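A.B. asks: Structural data only, the sequence is not supplied:
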Ligand SMILES: Cc1cc2nc3c(=O)[nH]c(=O)nc-3n(C[C@H](O)[C@H](O)[C@H](O)COP(=O)(O)O)c2cc1C
Ligand SMILES: O=C(O)C(=O)c1ccccc1
């Protein structure tokens, strides 16, 4: 096969990292879709701080270690994964590419990575499971209509999902001003494929000053769901439960006491309460409170292999990435999402090699120092 000739002027810029993919995705997507994905709530303080928290740590590399083989494989709730990076649950992947969740789950499978499928996927959880080759967890929003929630749990079990991720930071959707300004609504051809037509009503007719997703969450999410109700979910299934959106030692401790198997330390990517503690900053107290009983993951702002290493050094078992996967999907479908994951893997292996930590068990707290600490001037 002959490679197409390209002059230096026409050769496309290589897309090397999530930021490159974000710029390329921005050029392709409708403004309101780009803003829905990229944006956060309020002043977007937490959106920025989640990312900035990673830059406040510096790495302390060890020299003269045999790093000829670096091994990022681990297990998550007992299932082997090729790397400690999974795909965060995100609604409606078809917003950015017609292959939607099928493309992202295939990309994750090829990478040997965990996928967390959203309740609000635009592809049914059964179709996602049929395309999966790696481990799958289902993210669950507890809906007012308990029989709908219960049926999602049963369907997840039947389709082979290995854990339920209950998102606890969204009793209502926070005001996201980009979506309000844009009058964000779901395009007519995209629907919450896991839910019935009753749960679709109102998602497609928006107007400026309104976000149909927020109105939808206000109607359907159960804002009265509490710790006491977790026992109800527990009674429905033997699947391990994971709580997503825990940011305090108090909640981590309580969850562990109830037999929760995993915790995802998360600000929802800066899309819920603006001004909360950044996820990376909350991670150590959650690990201290429950790390002996729960597997602790973190998400929000992970963009580099060195970010993954920093999260692991602070006690995370793995990280999830959100937006970068959607940017990859938007630009190039399954290969784009796969490229984002494989770049993160390559960067992680590079960071393991260059810090002299060839095994994940070598990635310990002494790898880090706060930026600026130890300055003498
Ligand atoms: C477009 C979009 C949709 C999301 N939908 C969900 C969802 O349905 N359920 C959920 O628990 N979290 C959802 N999240 C939050 C992500 O799971 C994750 O916490 C966050 O995106 C991680 O931050 P990152 O995008 O900086 O990697 C969504 C995030 C985005 C960007
Ligand atoms: O947009 C989100 O962050 C999100 O979590 C969500 C929740 C309900 C429906 C769609 C998206």
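C.D. replies: That came through, no problem. No experiment lies behind these values; they were computed from the predicted model shown. Ligands and ions are numbered 1, 2, ... in the order given.

A.B. asks: Show me what the helix or strand hosting residue 344 packs onto, helices and strands only.
C.D. replies: In the assignment (DSSP states H and E), residue 344 maps to helix 323-354. Helix 323-354 sits against helix 18-28, helix 31-38, strand 85-87, helix 100-111, helix 305-313, with contacts defined as 3 or more C-beta pairs under 8 Å, 6 or more residues apart in numbering; DSSP states H and E. To be clear about C-beta, it is placed using only N, CA and C from the backbone, and glycine gets the same treatment.

A.B. asks: if you set the cut-off to 10 Å instead, what comes out?
C.D. replies: Contact here means 3 or more C-beta pairs under 10 Å, 6 or more residues apart in numbering; DSSP states H and E; on that basis helix 323-354 packs against helix 18-28, helix 31-38, strand 85-87, helix 100-111, helix 305-313, strand 318-321.

A.B. asks: what's the angle from the fourth one to helix 323-354?
C.D. replies: Okay, so that is helix 100-111. Orientation note: helix 100-111 sits at an angle of 10 degrees relative to helix 323-354 (axes from the mean of the first three to the mean of the last three C-alpha atoms, to 10 degrees).

A.B. asks: The helix or strand that helix 100-111 is followed by near ligand 2 anywhere?
C.D. replies: Per DSSP H and E, helix 100-111 leads on to strand 115-117 as the next helix or strand towards the C-terminus. No - against ligand 2, strand 115-117 shows no contacts by C-beta under 6 Å from any ligand atom, the least distance being 11.9 Å.

A.B. asks: Which helix or strand lies directly C-terminal to strand 115-117?
C.D. replies: Following strand 115-117 in sequence, per DSSP H and E, is helix 125-131.

A.B. asks: where along the stretch 151-300 of the chain do the strands fall?
C.D. replies: 164-167, 241-246, 262-265, 295-299 (DSSP state E, counting those that start in this stretch).

A.B. asks: and residue 149, which of those is closest to it?
C.D. replies: strand 164-167 (9.8 Å; C-beta to C-beta).

A.B. asks: Can you lay out the helices and strands packed on helix 323-354 as CSV showing mean pLDDT?
C.D. replies: CSV is the format used below for these (pLDDT from 0 to 100):
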stretch, mean pLDDT
helix 18-28, 98
helix 31-38, 98
strand 85-87, 99
helix 100-111, 98
helix 305-313, 98
strand 318-321, 99
